[in-house]
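J.: Fold the stuff below for me.
(2 chains)
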Amino acid sequence: MLPIILLSVFGIVMLFLGFLKSRAVLLPATLVFLLVTLVATFIDWNRSFMYFHNMLLSNNLSMVFTAIVLISAFMVVALSGSFIDDEAAQPAEYYALLLFSLVGALMMIGFENLIMLFVGVEILSVSMYVLTGSDKRNSRSNEAALKYFLMGAFATGIMLFGMALLYGASGSFELSGIKGYVIYGQSAGTSLLLYMGLLLVLIGILFKVSAAPFHFWTPDVYDGAPTLFTAFMSTVVKTAGFAALFRLLAGSFGDIYSFWWVILAGIATVTLVLSNLTAVYQNSFKRMMAYSSISHAGYLLIGLVALGTQTKQALVIYTLAYSLSTIAAFGVLLLVARNRNADGRLDESFDAFNGLARQNPLLGFVMAVSMLSLAGIPLTAGFWGKFMMFSTAVDRGIIWLLVVAVLMSAVGIYYYFRVVIAMYFREGDIETIRIAPFYRVVLVTATVLTIVLGLVPGLLQGLV
Amino acid sequence: MLTLALILFPLIAASGLLLLKSDSVKTLALVAALIETGLAVYIFSTFTPDAQSQFGFDYAWISSLGIRFSAGVDGVSLLLVLLTGLLVPLIVLSAFRQNYTRPATFYALILFMQSALMGVFTARDGFLFYLFFEAALIPVYFLAAGWGGENRIPVTFKFFLYTIFGSLFMLLGMVYLYYQTPLVDGHHTSAIVDFYRVSMTPKAQGLVFWAFFIAFAIKMPLFPFHTWQPDTYVESPTPATMLLAGIMLKMGVYGVIRFILPILPAGVATWGSTAMALSIIGIIYGSIIAIRQRDMKRLIAYSSFAHVGLMSAGVFSLTEVGLQGALVQMLSHGINVVGMFFVAEVIFERTNTRMLDQLGGITKTTPKLTVYFMILLLGSVALPLTNGFVGEFLLLQGVFDVNNYLGAIAGLTIILGAVYMLRMYQKSMFGQTTARTENFADLTGQEGWVLLPLAILVFWIGIYPATFLKMTEPAVMNLLQYAAKGAVSLK
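T.: Okay, here's the model as predicted:
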């Protein structure tokens, strides 16, 4: 509750700070805002509240997801130093939009009423549409924003329709109300409206987390958007989206598990296969990361398909590990992609990384750990994420899905390691890269956290 | 507690090397490796030969899942711990002559590898085992891809993907086993001894068998999962090849003994004969290819492929002799193959070729090399009183116990082994000197120090194997009891 108010106020303050002559204050101010919000999040630790007449729920799980989202945002903002020097950029607006979008993410994480889910999704998405197109003079950024907006608006429409159907069936927008109807309907005959409604709402959220077959916007949008906002999109939006899916399915629809698990399992399978196989053929690192983000949606879906006592812990570990590595990887990409191709676009191919580890061992190491973690290699946080996902599915006995997931993680190792090979074993002529001290701190922290969580995953176990 | 030191010491030493970056990294690496040898030898000499796990430690790791950080040495691990302890300083020493670029990283990776290997051989928790099993791959991959030959990048990448693909299935099998263990305090457990007590339907056992077997068969490698091996051995720098062939290959055999036999008796009853058939095909196939090789390193690679087939066949015989033979042969093979690769390296360095038809007449100027090479060779072809004889004799006896025909086919390994090994020796050492082998200098003192300990071990194991066999026997008997529970014998 407090975090939402704080973020809204800070967002407005940030807009006013934009009037200042000096841009230098904006970045530290945003970081302070985020830190304050993070601290405020944990004031209610170990207590559970409902706010606004049962509109929003705050409990330990929602606080942990909020923290993951805020930490991701903090890291992304900390890496955004280049905006200060860029004449064309409007950092105050960017930061304000980021803060507002976080409000949306928090609503998605804690919603108890479907209206809140809808408002949250919209706040988050609209901010993202704008940020995607923020590189005004880049036609690909504009294209990406338009695509994202058109398809996103359509998906939201579908979701809203689904909510209307759910209301029509159950007479309630509240998760508990719908749950009551689901349980009651088990004996009295459930209306078809309920199933249709659930399906449409699922489609809406699955679009946001870019699960196949609703993923077609992802590569273009991720590729076209400025890299920082790609990092933000692929972590914050995904974490919030999966938190919302978990609340929806675990909160209301646990009793018709047999209806939706097959659908989600099918979607997870298609997502895993399509994204991983396509990622293999990418030559651009950024596009590869887009497909990788789709594939991680697939792994995260496994936890929901096998909804059980361990699911929330699995989701927390997975989203945290994924966010840390993704942001670190994009952070390195920002530094490495400096040369422009013949067509004026930044060189974001795998070849841009050739010889990086020799030239700059620190960046090489950060990137290598990120890739290992995304690939799910042991001793990194990503391994435990995958491990938890797999073990929820084994617990439910969904072995065929696991076999697909295992095969696809092997494929994943192939494309993640292309970066490692380029950095360590190929010769390249990378110019000396100057890293701002704070930037370095963020990258190193993400890497250290990834390794520490890989060694001692027990650190997170008591939280949720 | 000693086991913890065994795992952590190389890790700390390696991190130290990376931080120091001084000129004396080589010496420091050697000193660290020798201290580790001291630890391993101390553990070996004070080990009480019974079925218990000793020198262990046990900490909570992920308590909500019942996963523990627990390791110790028992009879099955003992010889492999000893092997790892003994070989690594020799591998480090053998790398001295080559001035590898970025030496700090190079030697640190070897020590990282040693730490992970010690972890694999001593882990008492299934997931800890898996973790080390994977962790061992990363340093050796970087060694091979960073310092290897021209074609190293695609070759080592294939090796990496291949092995990790296999271990992912093992992870699935491990998670499945984990969920079969009884609930204690609200969670399952992943201790290997708890896996031993799990009861599963034969069908489930069959599936888990394959999940584990594919991982181990790729690691060993067994036919038809071996295609990564010869290229990787040839392209890797020799120290990495030694680690791969001398120690890492044993992870697969060890895994079969530790997991598949005791946990999945019904799976072994159904599929053990298939595994044995694959192993025996590998023996013959590898030997025949080895006979036709021109490249010394590739020849040794194929011979290693053939030898590991026999070890695996002996293990799947489920007899005491077979298992004992496999354990002692893992030690012997590690010693022989590291020595062989070292000799090939010495020859390559002086002549710039490994092709047998460009070599010849080396004996004329090299009394020391001739003798050492001959000792290792005799060990490899299993001449009585050498180490190879003890292991192969026991292994073959195990296979014969199962089936006489299989035993006879597997026995060809001794004949074929003699053919390709003696051919290699003859082509390289005897005959006319060629342009490349003129003025071939004999071993330097340093090179002698690599080969001398190996030669001593060849005879020690060959003449008095009881030193080693008596240590492993109780553990093997204990394992066989689990393996026999409710299982239909192969016979």
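J.: Which element, helix or strand, includes the residue of the stretch 251-400 of chain B found nearest chain A?
T.: Going by C-beta to the nearest C-beta, chain A is nearest to residue B:251 of the stretch 251-400 of chain B, at 14.3 Å. Where you see a C-beta, it was placed from the backbone N, CA and C, and this is true even at glycine. Using DSSP states H and E, residue B:251 falls within helix B:249-255.
J.: separation between residue B:321 and residue A:130?
T.: Using C-beta to C-beta, to the nearest Å, residue B:321 is found at 75 Å from residue A:130.
J.: list the helices and strands the one helix or strand residue B:425 maps to packs on?
T.: Here residue B:425, judged by DSSP H and E, is contained in helix B:404-429. The contact analysis (3 or more C-beta pairs under 8 Å, 6 or more residues apart in numbering or on different chains; DSSP states H and E) places helix B:404-429 against helix B:265-291, helix B:296-316, helix B:367-380, helix B:387-402.
J.: could you dump these to a markdown table with mean neighbour count and distance to chain A?
T.: Formatted as a markdown table, those follow (neighbours: other C-beta atoms under 10 Å in any protein chain shown; distance: least, C-beta to the nearest C-beta, whole Å):
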| stretch | mean neighbour count | distance to chain A |
| --- | --- | --- |
| helix B:265-291 | 21 | 16 |
| helix B:296-316 | 27 | 21 |
| helix B:367-380 | 22 | 32 |
| helix B:387-402 | 25 | 32 |
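J.: Let me have those helices in a markdown table, extended by distance to residue A:375 and mean pLDDT.
T.: A markdown table is the format used below for the helices and strands packed on helix B:404-429 (distance: least, C-beta to C-beta, whole Å; pLDDT from 0 to 100):
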| stretch | distance to residue A:375 | mean pLDDT |
| --- | --- | --- |
| helix B:265-291 | 29 | 92 |
| helix B:296-316 | 28 | 92 |
| helix B:367-380 | 38 | 91 |
| helix B:387-402 | 38 | 91 |
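J.: Off-centre distance for the helix holding residue B:425?
T.: 20 Å (C-alpha atoms, centre = their mean, to the nearest Å).
J.: now the strands for the stretch 51-200 of chain A?
T.: Counting by DSSP state E, counting those that start in this stretch, the stretch 51-200 of chain A has strands at residues A:56-58.
J.: need the contact list for residue 440.
T.: Just so you know, I chose chain A. By C-beta atoms under 8 Å, 6 or more residues apart in numbering or on different chains, the contact list for residue A:440 reads residue A:362.
J.: Not quite, go with chain B.
T.: Residues near residue B:440 by C-beta under 8 Å, 6+ apart: B:350-351, B:362, B:364-366, B:433.
J.: packing partners for the helix or strand that comes right after the helix holding residue B:425?
T.: Following helix B:404-429 in sequence order, the next helix or strand is helix B:445-463 (DSSP H and E). The elements that helix B:445-463 packs onto, with contact taken as 3+ C-beta pairs under 8 Å, 6+ apart, are helix B:75-94, helix B:320-351, helix B:367-380, helix B:387-402, helix B:466-484.
J.: Turn those helices into CSV, columns for distance to residue B:205.
T.: Below are the helices and strands packed on helix B:445-463 laid out as CSV (distance: least, C-beta to C-beta, whole Å):
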stretch, distance to residue B:205
helix B:75-94, 21
helix B:320-351, 20
helix B:367-380, 36
helix B:387-402, 20
helix B:466-484, 12
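J.: one step back: pretty sure the residue of the stretch 251-400 of chain B closest to chain A sits against residue B:118.
T.: No. Residue B:251 lies out of contact with residue B:118 (C-beta atoms under 8 Å); the separation is 11.5 Å.
J.: Looking at these two, which is more packed in?
T.: Using other C-beta atoms under 10 Å in any protein chain shown, the more surrounded residue of residue B:251 and residue B:118 is residue B:118, with 32 against 25.
J.: Quick check: the gap between that one and chain A.
T.: With distances taken as C-beta to the nearest C-beta, to the nearest Å, residue B:118 is found 15 Å from chain A.
J.: which residues does that residue contact?
T.: Residue B:118 touches B:3, B:6-7, B:10, B:81, B:84, counting by C-beta under 8 Å, 6+ apart.
J.: re the thing from before, buried subset of the contacts of residue B:440, written for PyMOL?
T.: The command below creates a PyMOL selection of those among these that count as buried (16 or more other C-beta atoms under 10 Å in any protein chain shown):
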select buried, chain B and resi 350+351+362+366+433
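J.: Tabulate the contacts of residue B:440 in a markdown table, adding columns for pLDDT.
T.: Below are the contacts of residue B:440 laid out as a markdown table (pLDDT from 0 to 100):
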| residue | pLDDT |
| --- | --- |
| B:350 | 87 |
| B:351 | 88 |
| B:362 | 86 |
| B:364 | 84 |
| B:365 | 85 |
| B:366 | 87 |
| B:433 | 85 |
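J.: TSV for the contacts of residue B:440, including distance to residue B:156?
T.: Listed next are the contacts of residue B:440 as TSV, based on distance: C-beta to C-beta, whole Å:
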residue	distance to residue B:156
B:350	26
B:351	26
B:362	31
B:364	38
B:365	36
B:366	33
B:433	35
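J.: Could you show which parts of chain B are in contact with chain A?
T.: By C-beta under 8 Å from any C-beta of the partner chain, the residues of chain B that approach chain A are B:60-65, B:127, B:130-131, B:134-135, B:138, B:142, B:145-146, B:152-153, B:157, B:160-161, B:164-165, B:168-169, B:171-172, B:175-176, B:178-179.
J.: burial of the residue of the stretch 201-350 of chain B found nearest chain A, as a residue count?
T.: Residue nearest to chain A within the stretch 201-350 of chain B: residue B:207 (8.0 Å; C-beta to the nearest C-beta). By other C-beta under 10 Å, the residues close to residue B:207 number 16.
J.: same check, this time on the one 10 residues further on
T.: The local packing count at residue B:217 equals 24, with neighbours defined by other C-beta under 10 Å.
J.: Quick check: closest non-adjacent residue to residue A:173.
T.: Among residues not flanking residue A:173 along the chain, residue A:114 sits closest, at 4.4 Å (C-beta to C-beta, 6 or more residues apart in numbering or on different chains).
J.: So which elements touch the helix or strand hosting residue A:325?
T.: Applying DSSP H and E as the criterion places residue A:325 in helix A:311-336. Counting contacts by 3+ C-beta pairs under 8 Å, 6+ apart, helix A:311-336 packs against helix A:60-78, helix A:227-232, helix A:238-252, helix A:285-305, helix A:361-375, helix A:381-396, helix A:437-455.
J.: Now render the ones you listed as a markdown table, adding mean pLDDT.
T.: Below are the helices and strands packed on helix A:311-336 laid out as a markdown table (pLDDT from 0 to 100):
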| stretch | mean pLDDT |
| --- | --- |
| helix A:60-78 | 94 |
| helix A:227-232 | 93 |
| helix A:238-252 | 94 |
| helix A:285-305 | 94 |
| helix A:361-375 | 94 |
| helix A:381-396 | 90 |
| helix A:437-455 | 92 |
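J.: Output those helices as TSV; include the columns distance to residue A:176.
T.: Below are the helices and strands packed on helix A:311-336 laid out as TSV (distance: least, C-beta to C-beta, whole Å):
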stretch	distance to residue A:176
helix A:60-78	15
helix A:227-232	32
helix A:238-252	8
helix A:285-305	20
helix A:361-375	37
helix A:381-396	25
helix A:437-455	34
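J.: who wins for proximity to residue B:49 among those helices?
T.: helix A:437-455 (34.4 Å; C-beta to C-beta).
J.: Distance from the chain centre to that closest one, please.
T.: 19 Å.
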